[in-house]
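3D model of this:
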Amino acid sequence: MGWYALIIIPIIVFIILFKTLRFKPKGLPEMRKRHEINEQRVIESLSKMLQFKTVSHLDSSLMDDQIFKQFRTFLKERYPLINSQATYSEHERGVLFQIKGQSDEYPTVFMSHYDVVPENGKWKEDPFSGRIDDKTVGPVKIKWT
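Numbers count the residues shown, from 1 in each chain. Predicted coordinates:
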């Protein structure tokens with residue numbers, strides 16, 4: 001190493017430290033709120049969705065296809081805005097709402113399911129009651145000790 005390394009190495013270290021301290025990550029674009037959320041409607045919607053007995057079984061002959069169809073119809077009727085903005089498709093017992101954004105730069109996927117396993121165990125009330133109280137929506141299962 002020559003005398004020039006004694007000059008270049010501190011300069012490089014200084015540049016790295018300087019750029020590190022000035023670095024600000026680029027965040028995702030800020031979401032614009034387009035409408036107010038009606039909390040009561042959200043709670044009522046969840047309650048109504050819980051009342052559909054969309055029970056899945058390994059043996060598909062035990063499933064009530066009509067209930068699954070009624071649930072999908074409920075989604076379409078309860079959420080007309082998403083249906084007007086999205087491309088809707090059904091996949092066996094699943095549904096997909098695809099909304100095109102302004103670009104493909106930040107794709108987002110929200111996933112969920114609406115089928116449930118058969119109700120086994122002891123329940124204080126009907127697991128499909130959709131009951132609403134101060135703290136919960138739906139029934140509370142007895143805790144096993």
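
Tell me the spacing between residue 41 and residue 134.
Plainly put, residue 41 is 18 Å away from residue 134 if you go by CB to CB, to the nearest Å. Any C-beta I mention is one placed from the backbone N, CA and C, and that applies to glycine too.

Comparing these two, which residue is more hemmed in?
residue 41 (10 against 4; other CB atoms under 10 Å).

check contacts around the most centrally placed residue in the chain.
Residue closest to the mean C-alpha point of the chain, counted by CA atoms, centre = their mean, is residue 110 at 4.0 Å. By CB atoms under 8 Å, 6 or more residues apart in numbering, the contact set of residue 110 is empty.

where does it fall, phi/psi-wise?
phi -110, psi 120 (degrees, to the nearest 10).

for residue 107, same thing?
According to degrees, to the nearest 10, residue 107 has phi -70, psi 150.

so it sits right up against residue 101, yeah?
Yes. Look at residue 107 against residue 101 with CB atoms under 8 Å: they come within range, at 7.4 Å.

so residue 12 is in which element?
For residue 12, the element it lies in under DSSP states H and E is helix 3-22.

got the CA coordinates for that helix in CSV?
The C-alpha coordinates for helix 3-22 follow below in CSV (Å, rounded to 0.1, in the frame of the first residue of the first chain):
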residue,chain,number,x,y,z
TRP,A,3,0.8,6.8,0.5
TYR,A,4,-2.3,7.2,-1.7
ALA,A,5,-4.2,4.5,0.2
LEU,A,6,-3.9,6.6,3.3
ILE,A,7,-5.8,9.3,1.5
ILE,A,8,-8.3,7.2,-0.5
ILE,A,9,-9.5,4.8,2.3
PRO,A,10,-10.6,7.6,4.7
ILE,A,11,-12.4,9.3,1.8
ILE,A,12,-14.3,6.1,0.9
VAL,A,13,-15.2,5.6,4.5
PHE,A,14,-16.4,9.2,4.8
ILE,A,15,-18.5,8.8,1.6
ILE,A,16,-20.1,5.6,2.9
LEU,A,17,-20.9,7.1,6.3
PHE,A,18,-22.2,10.3,4.7
LYS,A,19,-24.5,8.4,2.4
THR,A,20,-25.7,6.0,5.1
LEU,A,21,-26.6,8.8,7.4
ARG,A,22,-28.5,10.7,4.7
